[in-house]
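Chemist: coords please:
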Amino acid sequence: MFDFDQQIDRRPTRALKWLKYEGTDILPMWVADTEFKAPPAVIEALAKRVEHGIFGYSRPSPQLTELIIQRMSDRYNWKIEADWLVYMPGVVPALNLACETFTEPNSNIITVKPIYYPFLHAPGFHGRKAAYVDMVEVDGRWLLDLAQLEEQAKHSDLFLLCNPHNPGGTIYTEAELLAINEIAARHNVIVCSDEIHCDLLLDEGKPHIPYAALNEDAANRSVILMAPSKTFNIAGLCCSFAIIPNPELRQRFTRAARGIMADVNLLGFVAAEAAYQDGDDWLSAQLVYLRQNRDLLVERLNQVPGVKVLSPEATYLAWIDISGLDLEDPIGFFEQAGVGVSSGGQFGGSDFIRLNFGCSRAMLEEALDRMISAINDR
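Modeler: Coordinates of the predicted model:
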């Protein structure tokens, strides 16, 4: 029904992912959007809205709010209320707004390494200090060093959590989240949890648990950030939302956004509503395809001497340990081989690269062939 093998030429569209390597044959496997056409329902809804021809200021429909409330209940067994929702033009702006809202200048904000690089930059953008906690390998998964988290929480006001984790692909279990919550509660730390990849679960039987759904304390000290953008490949339409159960935190957050935070793109509202209303069959099919891509990548790369990758439980991103290759310029090496990946140093892990496998099987196979051939020919 849905053709994820279709290869669509994005180069004429000024797509950031492809523009980076304009005029070359390098396959772009870096920035986190996929090569998949959005769900038919989204495309149809956008076409209908464009046909209307007027694109003035817009507000979210009551239907979109109800769809989000229902989705939280159906998928995560989390009962939320309409007034908890704060629509945002993106998760990264919301993350930065949380830093500005819930901390004072020169205070500490906890983040982890490795992590999606805006987490590393956000504290400094607002005159705060980043307090780092390492992600460590435990039984084939990337997990927080809780002893480090305990120590940093003693001197910090805000923790920037990423669940599922980017780039490691970890889906935190209830026990793991409760351990984080116990530390946050003990030291009165607010938790801003980026859960943008919460629908992209690759390990069947491993559910996503929103941090605020853990218990009353977690709900009262958290800001949850979500969006349909990664799930349905509509990131360029800039629609996301914060879920803030605590009215005091929500009021502070919305007050800080006044005059600074842009409204959501009206087509973003349209796409989000269509995706949440009629996109889940497409999502289910995409997950099957992504699991097969992941398994292919993990199997092939783990056969290469000097390379190691833990199987990501979620996302379409692979965090690949290349420390055994002893490359002086990893990004240049793989670009020379015809594959554009993200530098691990951006995320706080210089011995790694991140690769986006949200693409056609043929594109992934070609990228893997090029990478493995270049490694073997060194």
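
Chemist: let me know the secondary structure of residue 328.
Modeler: State at residue 328, reduced to three classes by DSSP: H, G, I helix; E, B strand; the rest coil: coil.

Chemist: show me the helices in the stretch 1-150 of the chain, by range?
Modeler: 16-19, 40-52, 62-76, 91-102, 117-125, 146-153 (DSSP state H, counting those that start in this stretch).

Chemist: wait, which of those is closest to residue 314?
Modeler: Closest to residue 314 of those is helix 62-76 (CB to CB; 13.3 Å). Every C-beta, even on glycine, is put in place using the N, C-alpha and C of the backbone.

Chemist: buried residues in the closest one?
Modeler: 64, 65, 67, 68, 69, 71, 72, 76 (16 or more other CB atoms under 10 Å).

Chemist: what does stretch 193-203 give?
Modeler: Within stretch 193-203, the residues scored as buried using 16+ other CB under 10 Å are 193, 194, 195, 196, 197, 198, 199, 200, 201, 202.

Chemist: and the buried residues of helix 62-76, which two are the farthest apart?
Modeler: 64 and 76 (17.6 Å).

Chemist: burial measure for the nearest residue to residue 351 once chain neighbours are set aside, as a count.
Modeler: Distances taken as CB to CB, 6 or more residues apart in numbering put residue 323 closest to residue 351, at 3.7 Å, once the chain neighbours are dropped. By the measure other CB atoms under 10 Å, the count of residues near residue 323 is 15.

Chemist: and residue 323, how close does it get to residue 335?
Modeler: As defined by CB to CB, to the nearest Å, residue 323 lies at a distance of 19 Å from residue 335.

Chemist: same check on residue 343?
Modeler: 11 Å.

Chemist: what of residue 257?
Modeler: Distance, residue 257 to residue 335, using CB to CB: 39 Å.

Chemist: can you give me the strands for the protein?
Modeler: In the chain, the strands defined using DSSP state E lie at 27-28, 85-88, 108-113, 129-138, 141-144, 156-162, 190-194, 222-226, 240-243, 308-309, 317-321, 339-340, 342-343, 352-356.

Chemist: columns mean pLDDT and distance to residue 21 on top of those strands, output as CSV?
Modeler: Below are the strands of the chain laid out as CSV (pLDDT from 0 to 100; distance: least, CB to CB, whole Å):
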stretch, mean pLDDT, distance to residue 21
strand 27-28, 98, 6
strand 85-88, 98, 31
strand 108-113, 98, 28
strand 129-138, 98, 29
strand 141-144, 98, 29
strand 156-162, 98, 27
strand 190-194, 98, 28
strand 222-226, 98, 30
strand 240-243, 98, 28
strand 308-309, 98, 23
strand 317-321, 98, 19
strand 339-340, 98, 5
strand 342-343, 98, 13
strand 352-356, 98, 13
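
Chemist: now those strands as CSV including distance to residue 266?
Modeler: Compiled in CSV, these are given as follows (distance: least, CB to CB, whole Å):
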stretch, distance to residue 266
strand 27-28, 29
strand 85-88, 12
strand 108-113, 33
strand 129-138, 35
strand 141-144, 38
strand 156-162, 29
strand 190-194, 24
strand 222-226, 20
strand 240-243, 15
strand 308-309, 40
strand 317-321, 30
strand 339-340, 33
strand 342-343, 31
strand 352-356, 28
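
Chemist: that concludes my questions; thank you for your assistance.
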